[in-house]
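Colleague: the following block contains a protein sequence and its predicted model.
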Amino acid sequence: MKNHTRLARAFAAITLLFGITLTSFGQPIPGQYIAVFKDNVPDPNRAAQELEAQHGFNVSYVYQNSIRGFAFAGNEQAAQALARNPRIAYVEPDQLAHASTAAIPTGVSRIGIDQSVINDSIQPLMTIYENGRQGVNARIAVIDTGLQRDHPDLNVDPTGVRPYTKTVKGKTQIVFDNNFDDDNGHGTHVGGTAAANGAIVGVAPGALLTAVKVLGANGSGSYSIVIAGVDWVAGQPSRFDVANMSLGGGFSQAVNDSVKNAVAKGIVFAVAAGNAATDVSQMSPASEPSAITVSAMADFDGQPGGLDTIDTYTSCKNSDGTGGTIHHDEEVPCWSNFGAGVDVCAPGVLIYSTWPTWLISSGYNTISGTSMATPHVTGAAALYIARNRASRTESAAWVRQVTDAITSSGWLVGDYGYFDYFKGDKDSYREPLLNVRLLLGQTTRPNVVVTISSPLNDASFPSGSAISFTGTASVNGEDRTQDLVWISNLNGVLGTGGTISATLNDGTHTIVASVPDSGNTFGGCALVPSSVTIISGSASPAPKQLFIAVSFDKPSDVPVYYDGETMHSFFDVTDELGAVVPDAWVTAVMKTPAGGTLTASGATDANGRFEATLRMNGKRGGGYGEYTITGSATKTGYLRSAEVTRKFQLVR
Ligand SMILES: [Ca+2]
Ligand SMILES: [Ca+2]
Ligand SMILES: [Ca+2]
């Protein structure tokens with residue numbers, strides 16, 4: 001019975017290894033396997049050695065305590081043969097392991113990363129580094145205050161550097177050493193947002209971080225040192241994919257040029273816009289066009305959509321600690337720099353990330369700044385590069401490609417637009433909001449069509465009247481009319497559905513109809529809206545619009561008349577609701593083939609129609625060929641109609 005059970009287990013194991021694809025649940029590492037001995041095998045070490053010689057694979061580790069077996073590298077045939085060996089209970093493929101309990105900080109979540117994005121889009125970008133750590137296959141230079149090299153969440157390259165000034169024989173020189181430990185915390189925080197892979201996950205979990213420590217314990221340094229750090233990175237374009245510069249100061253051509261030249265070698269530079277509430281054109285490296293310049297927004301819940309009830313963050317206080325600005329979810333903070341030089345926005349308020357354990361024993365801290373927004377973009381660039389590494393070239397064109405991918409996949413402008421945009425932009429340049437979910441192709445922009453058929457734009461209604469709203473909606477071709485949400489900027493939500501009725505406060509309302517992304521398929525926000533402006537309570541009604549159409553007593557597009565016939569032309573005038581407009585004044589102008597002009601004018605009748613006739617005679621009149629007839633209409637209290645032109649022919 002016991003033997004029978006073992007045998008069954010062995011068959012089950014073989015099925016698991018060779019019969020079932022594991023890709024939907026885990027990721028096998030090709031050529032790596034784990035073998036477990038049967039209970040009756042006495043010495044795992046010796047047995048592993050014997051099997052290694054027998055089957056021709058490489059035993060990499062023998063397990064003796066938790067399980068009794070070994071890990072080995074070999075081909076599938078060897079693994080299959082081993083699975084049939086009587087001493088072996090089962091063999092299974094080695095797999096990529098990841099911490100499924102890792103917390104996703106709000107900023108990482110707000111840019112579209114959830115566990116499914118990690119599993120489906122980010123895990124496949126991972127590699128095993130030489131130090132045994134698993135992480136996204138991209139290399140990031142963190143030009144900052146250094147990194148904690150042994151922070152449990154960070155994959156830190158031990159060969160990072162610190163450029164610093166030193167006096168040698170009376171001469172001050174910039175030299176480099178390996179003492180890049182972070183005695184401030186800023187750099188370790190930045191590194192965690194870009195690439196933590198432990199108790200928390202960054203945007204590109206486990207990507208290799210290299211410290212370029214150019215700022216001291218107080219978070220300050222000199223541009224000469226900063227440029228030395230950029231110079232060191234620029235000299236290794238095959239080593240670094242992305243550089244993060246969450247630092248800056250006043251404008252410096254040398255700083256900008258150093259970044260520009262590093263970019264020209266194919267290294268993406270994500271740089272902070274700065275926290276001076278000013279235009280980035282005053283700042284370096286934020287003003288360098290070839291860098292990706294990052295502004296900040298506040299997100300407190302990791303979700304799109306403004307939750308106005310969350311207002312826990314006050315900044316821009318007076319020097320005595322009083323006053324300040326309370327920031328709501330989804331708002332641009334008072335301190336973020338802005339301007340045409342900003343490429344993309346990312347969460348930068350109350351960001352939770354790694355911190356040197358010798359400064360805070362937990363190893364984590366929550367801080368704010370465009371410095372915290374920037375590494376979200378750095379991580380996004382790392383993901384894009386890991387995914388598209390085959391097309392990487394050491395050129396500015398490659399950096400442009402990465403930059404374009406990041407900006408073109410961002411959440412778009414418009415408070416009610418695609419994917420709710422952030423609020424409170426300080427300028428008219430509406431930079432996109434980083435969206436890694438779309439960048440990685442985990443979702444696509446939905447094709448959303450919303451139409452409002454009534455009321456028409458600029459319609460006005462008597463005070464207190466019930467107004468009917470009708471529209472349609474589709475998302476990727478699927479009818480979603482019943483999900484339409486109608487919102488007035490003055491009255492709030494009016495109702496849901498294809499047709500609703502509501503009574504509005506007096507005033508000029510902007511009515512928006514949109515489809516909620518209730519399944520969170522596209523990011524959780526209202527999808528492409530349509531809007532109209534209407535007036536309730538006609539204290540000063542907006543002028544209505546006249547429309548005019550021309551027709552003839554003959555039906556064809558360009559009717560043909562003969563000498564002696566009477567041409568009848570009809571001018572029909574309507575308003576924007578399609579109702580006929582009597583007593584509108586119509587002016588009709590006819591141009592003849594001979595170059596003459598004939599004019600007729602008059603008021604529309606009770607049916608909104610004005611008729612102009614002409615007895616045709618080509619010899620005595622305007623000649624033979626093409627006549628054009630143009631009409632327009634006016635009426636007091638209405639906007640003049642557009643001119644409309646039709647043609648007819650006169651033949652002998
Ligand atoms: Ca730029
Ligand atoms: Ca939010
Ligand atoms: Ca802006």
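Modeller: That came through fine. Residues are numbered from 1 along each chain as shown. Ligands and ions are numbered 1, 2, ... in the order given.

Colleague: this structure - how does it break down into domains?
Modeller: 2-95, 106-438, 448-536, 544-651 (automatic domain parsing).

Colleague: could you tell me how far the shortest one lies from the centre of the chain?
Modeller: It stands for domain 448-536. Domain 448-536 has its C-alpha centroid displaced from the chain centroid by 25 Å (C-alpha atoms, centre = their mean, to the nearest Å).

Colleague: do me a favour and get the end-to-end distance for it?
Modeller: 29 Å (C-alpha to C-alpha, to the nearest Å).

Colleague: thinking again about what came up before, of the domains of the chain, which stretch is the most buried?
Modeller: domain 106-438 (a mean of 21; mean count of other C-beta atoms under 10 Å). For glycine as for every other residue, the C-beta is placed from the backbone atoms N, C-alpha and C.

Colleague: if you average pLDDT over that one, what comes out?
Modeller: In this model, domain 106-438 has a mean pLDDT of 91.

Colleague: same deal with stretch 443-455?
Modeller: Across stretch 443-455, the average pLDDT comes to 80.

Colleague: how about stretch 79-86?
Modeller: 90.

Colleague: run through the helices of the protein in chain order.
Modeller: Remark: helices assigned in the chain by DSSP state H are 2-18, 44-55, 76-83, 106-110, 115-117, 186-195, 223-234, 253-263, 370-387, 396-408, 436-439.

Colleague: so which elements touch the shortest one?
Modeller: The one in question is helix 115-117. Using 3 or more C-beta pairs under 8 Å, 6 or more residues apart in numbering; DSSP states H and E, no helix or strand is in contact with helix 115-117.

Colleague: who touches that helix?
Modeller: Contacting residues not belonging to helix 115-117 are listed as Ser100, Ile104, Val436, Arg437, Leu440, Gln442 [C-beta atoms under 8 Å, 6 or more residues apart in numbering].

Colleague: quick one: contacts for the closest residue to Ala234 other than its chain neighbours?
Modeller: Of all residues not flanking Ala234 in the chain, Ala262 sits nearest, at 3.7 Å (C-beta to C-beta, 6 or more residues apart in numbering). Ala262 sits next to Val230, Val233, Ala234, Pro237, Ala243, Phe269 when contact means C-beta under 8 Å, 6+ apart.

Colleague: just confirm Trp486 contacts Val493, I think it does.
Modeller: Yes: when contacts are counted by C-beta atoms under 8 Å, Trp486 is listed as touching Val493 (7.1 Å).

Colleague: identify the bridge partners of the closest residue to Ser336 other than its chain neighbours.
Modeller: Spatial nearest neighbour of Ser336, chain neighbours left out: Ala296 (4.4 Å); criterion: C-beta to C-beta, 6+ apart. Assessed by DSSP bridges, Ala296 has beta-bridge partners Ala346.

Colleague: state the distance from Ala296 to Thr496.
Modeller: 34 Å (C-beta to C-beta, to the nearest Å).

Colleague: ok, Leu484 next?
Modeller: 7 Å.

Colleague: for Leu208, same thing?
Modeller: From Leu208 over to Thr496 (counting by C-beta to C-beta), the distance is 50 Å.

Colleague: do the same with Val41
Modeller: Distance from Val41 to Thr496, by C-beta to C-beta: 68 Å.

Colleague: cool, Ala102 as well?
Modeller: 38 Å.

Colleague: contacts only, for Ile385.
Modeller: Ile385 touches Ala138, Asp241, Val242, Val268, Arg392, Val402, counting by C-beta under 8 Å, 6+ apart.

Colleague: enumerate the residues of this protein near ligand 3.
Modeller: Phe338, Asp425, Asp427, Tyr429, Glu431 (C-beta under 5 Å from the ion).

Colleague: check contacts around Glu237.
Modeller: Actually, residue 237 is Pro. It isn't Glu. Ala262, Lys265, Gly266, Ile267, Glu394.

Colleague: ditto for Tyr313
Modeller: Ala298, Phe300, Ile326, His327, Pro333, Val349, Leu350, Ser368.

Colleague: same question for Tyr429.
Modeller: With C-beta under 8 Å, 6+ apart, Tyr429 has these contacts: Phe338, Gly339, Ala340, Val342.

Colleague: is the closest residue to ligand 1 within the stretch 101-250 of the chain in a bridge, and if so with what?
Modeller: Of all residues in the stretch 101-250 of the chain, the one sitting closest to ligand 1 is Met245 (12.5 Å; C-beta to the ion). For Met245, the beta-bridge assignment (DSSP bridges) gives partners Val271.

Colleague: wait, it sits on Ile140?
Modeller: No: counting by C-beta under 8 Å, Met245 does not reach Ile140; the two are 11.4 Å apart.

Colleague: gap between Gln123 and Leu439?
Modeller: For Gln123, the distance to Leu439 - C-beta to C-beta - is 16 Å.

Colleague: ugh, wrong one, Gly324
Modeller: 34 Å.

Colleague: contact residues of the chain facing ligand 1?
Modeller: So the chain meets ligand 1 at Pro289, Asp343 (C-beta under 5 Å from the ion).

Colleague: so what's the residue in the stretch 301-450 of the chain that ligand 1 sits nearest to up against?
Modeller: Per C-beta to the ion, Asp343 is where the stretch 301-450 of the chain lies closest to ligand 1, at 4.3 Å. Contact analysis of Asp343 by C-beta under 8 Å, 6+ apart lists Ile292, Thr293, Val294, Thr403, Ile406, Thr407, Glu431.

Colleague: hmm, back to that, out of the residues of the chain next to ligand 3, which one sits closest to ligand 2?
Modeller: Comparing the residues of the chain next to ligand 3 against ligand 2 with C-beta to the ion places Asp425 closest, at 15.7 Å.

Colleague: skipping its backbone neighbours, what lies nearest the closest one in space?
Modeller: Val332 (5.8 Å).

Colleague: the one you found reaches Arg430, doesn't it?
Modeller: No: Val332 is beyond contact range of Arg430, at 11.0 Å (criterion: C-beta under 8 Å).

Colleague: what about the strands in the stretch 151-300 of the chain?
Modeller: 162-168, 171-177, 208-213, 242-245, 249-250, 268-272, 283-284, 292-297 (DSSP state E, counting those that start in this stretch).

Colleague: can you redo the ones you listed as CSV with distance to ligand 2?
Modeller: Converted to CSV, the strands of the stretch 151-300 of the chain look like this (distance: least, C-beta to the ion, whole Å):
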stretch, distance to ligand 2
strand 162-168, 38
strand 171-177, 42
strand 208-213, 28
strand 242-245, 24
strand 249-250, 31
strand 268-272, 21
strand 283-284, 27
strand 292-297, 9
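
Colleague: save the ones you listed as JSON lines, and put in distance to Ala600 too.
Modeller: Shown next, in JSON lines, are the strands of the stretch 151-300 of the chain (distance: least, C-beta to C-beta, whole Å):
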{"stretch": "strand 162-168", "distance to Ala600": "86"}
{"stretch": "strand 171-177", "distance to Ala600": "88"}
{"stretch": "strand 208-213", "distance to Ala600": "81"}
{"stretch": "strand 242-245", "distance to Ala600": "72"}
{"stretch": "strand 249-250", "distance to Ala600": "71"}
{"stretch": "strand 268-272", "distance to Ala600": "68"}
{"stretch": "strand 283-284", "distance to Ala600": "67"}
{"stretch": "strand 292-297", "distance to Ala600": "61"}
